[in-house]
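Visitor: can you look at this prediction? I've put the sequence above it.
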Amino acid sequence: MSEGYTVVILGATGAVGTRMIEQLADSTIPVANLHLLASKRSAGKTLTFKGTPVTVEEATPESFTGVDLVLASAGGSVSKKFLPEAVKRGAVCVDNTSAFRMDPEIPLVVPEVNEDVLAQHHGIIANPNCSTIMMMVALEPIRQAVGLKQIIVSTYQAASGAGQTALTELYQEAQDYLDHKEMQAQIFPTKGEAHHYPLAFNLLPQIDVLEDNLYSHEEWKMIHETKKIMLGDMDSPKIKVTATCVRVPVPISHGESIWIDTGKPDATVADLRAAIQAAPGVVLEDDPAHQVYPQPINATGKRETFVGRIRPDLENPGAFNLWAVSDNLLKGAAWNTVQIAERLVAKDLVHPSAAAE
């Protein structure tokens, strides 16, 4: 009987990587050995896992020899470089980047929705976009209970979705604004664009690059990831999806205003509330009489997705509006990644190497 797994966290020093370490420590996965990998400039730093200091190492292909499980969040180009090397050496990888999400051969997984596809993996499992994950957790119970024909979502996405440097920039901009100084924008709406705008005290209706079809790439991801997760086909016409993604000056936790058509004119708010209350990973916070509804400040640091403000569309029977909030760094990234790994272990889809036995 194995005493545990040899686990690698790739991108261990980033905003998501540090949270992966915490979530792994609190998970059901028995860890015999943990290796923390990052870029050359971060090598030598010390982080802590279950009270024990672990030195960060520079990632190389040889770093994955004898490794059972890789949790990756170091950027798409890094994942493309190293994860195939890890798979060659026998590891199973869960990747929290966009590198493999739209590959039809690679499962894209939210455990509360489609963990059954984990059995189809060939060494790599993709973690969806943070804004997609929380919407799936919120809507899958409704889809199962009454149906789902169409989704129109507007997101209110936190600064931390663009990484730790983006969060630092938001704080600096806010301080400069309050000190009557000029705000220096270098990251938002997206680092590679020609123009940058301050996020503090502002709203930016662009996340990621703008495509030729006038949608941002973040909006494209939400549309096609939703279809792949729920229907197994990124281009399926069975559920219509459209999105508007907006960056807001909130540090952590995304919000989403979601309109849905269930296709069932006799569906009620009570049906939706009952479905959500019975589902895993989602918490109903919906008491209008007492102003109870989800808020980012309350969701931060929690694994669940919170849903409230459920109300009927008074013009369209069977259609509803709702509001969802979730910590984008936990359920939207670190926790969903570790949760996938938990399910892989529970389903006996990753096996300890001899080094861990």
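Guide: Thanks, I have the structure now.
Visitor: which stretches in the protein count as strands?
Guide: 5-10, 31-38, 46-49, 52-58, 69-72, 92-95, 124-126, 150-157, 240-247, 254-261, 282-284, 305-312, 319-326 (DSSP state E).
Visitor: just send those strands back as a markdown table, with distance to Val209, mean pLDDT and mean neighbour count too.
Guide: For glycine as for every other residue, the C-beta is placed from the backbone atoms N, C-alpha and C. What follows is those, written out as a markdown table (distance: least, CB to CB, whole Å; pLDDT from 0 to 100; neighbours: other CB atoms under 10 Å):
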| stretch | distance to Val209 | mean pLDDT | mean neighbour count |
| --- | --- | --- | --- |
| strand 5-10 | 25 | 98 | 26 |
| strand 31-38 | 26 | 97 | 21 |
| strand 46-49 | 32 | 97 | 14 |
| strand 52-58 | 30 | 97 | 14 |
| strand 69-72 | 23 | 98 | 28 |
| strand 92-95 | 21 | 98 | 27 |
| strand 124-126 | 20 | 98 | 25 |
| strand 150-157 | 15 | 98 | 20 |
| strand 240-247 | 12 | 98 | 20 |
| strand 254-261 | 19 | 98 | 23 |
| strand 282-284 | 31 | 98 | 21 |
| strand 305-312 | 27 | 98 | 22 |
| strand 319-326 | 24 | 98 | 24 |
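Visitor: which one of those lies nearest to Gly192?
Guide: strand 240-247 (14.9 Å; CB to CB).
Visitor: still on that earlier bit, could you dump the strands of the chain to TSV with distance to Arg343?
Guide: Putting those into TSV (distance: least, CB to CB, whole Å) gives the following:
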stretch	distance to Arg343
strand 5-10	14
strand 31-38	16
strand 46-49	21
strand 52-58	25
strand 69-72	12
strand 92-95	10
strand 124-126	9
strand 150-157	25
strand 240-247	25
strand 254-261	23
strand 282-284	17
strand 305-312	17
strand 319-326	19
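Visitor: so which of those strands gets nearest Glu169?
Guide: That would be strand 240-247 among the strands of the chain, by CB to CB, at 11.7 Å.
Visitor: residues in contact with that closest one?
Guide: Residues from elsewhere that reach strand 240-247 (CB atoms under 8 Å, 6 or more residues apart in numbering): 131, 149-157, 159, 161-162, 188-189, 199, 203-208, 215-216, 218-219, 222-223, 226-227.
Visitor: dump the residue contacts of Met134.
Guide: Contacts for Met134 (CB under 8 Å, 6+ apart) come out as 254, 256, 305, 324-326, 328, 331-332.
Visitor: break down the stretch 51-200 of the chain into its helices, ranges please.
Guide: For the stretch 51-200 of the chain, the helices defined by DSSP state H, counting those that start in this stretch cover 76-88, 111-114, 130-145, 164-178.
Visitor: narrow the contacts of strand 240-247 to just the buried residues.
Guide: For those, a burial check counting by 16 or more other CB atoms under 10 Å picks out 131, 151-153, 155-157, 159, 161-162, 188-189, 199, 204, 206-208, 215-216, 218-219, 222-223, 226-227.
Visitor: that older thread, looking at the contacts of Met134, which one is closest to Tyr5?
Guide: Lys331 (22.7 Å).
Visitor: and that closest one, what's its pLDDT?
Guide: With respect to pLDDT, Lys331 scores 98.
Visitor: that one is in contact with Ile133, isn't it?
Guide: Yes: in this structure, Lys331 is within contact of Ile133 by CB atoms under 8 Å, at 6.1 Å.
Visitor: follow-up on the earlier one: need the winner for burial among the helices of the stretch 51-200 of the chain.
Guide: Mean neighbour count, computed with mean count of other CB atoms under 10 Å, is highest for helix 130-145 among those, reaching a mean of 25.
Visitor: average pLDDT for that helix, rounded please.
Guide: Mean pLDDT, computed over helix 130-145, is 98.
Visitor: what's near enough to touch Lys80?
Guide: Neighbouring residues of Lys80 by CB under 8 Å, 6+ apart: Ala99.
Visitor: what about it, distance to Val8?
Guide: 16 Å (CB to CB, to the nearest Å).
Visitor: thank you, goodbye.
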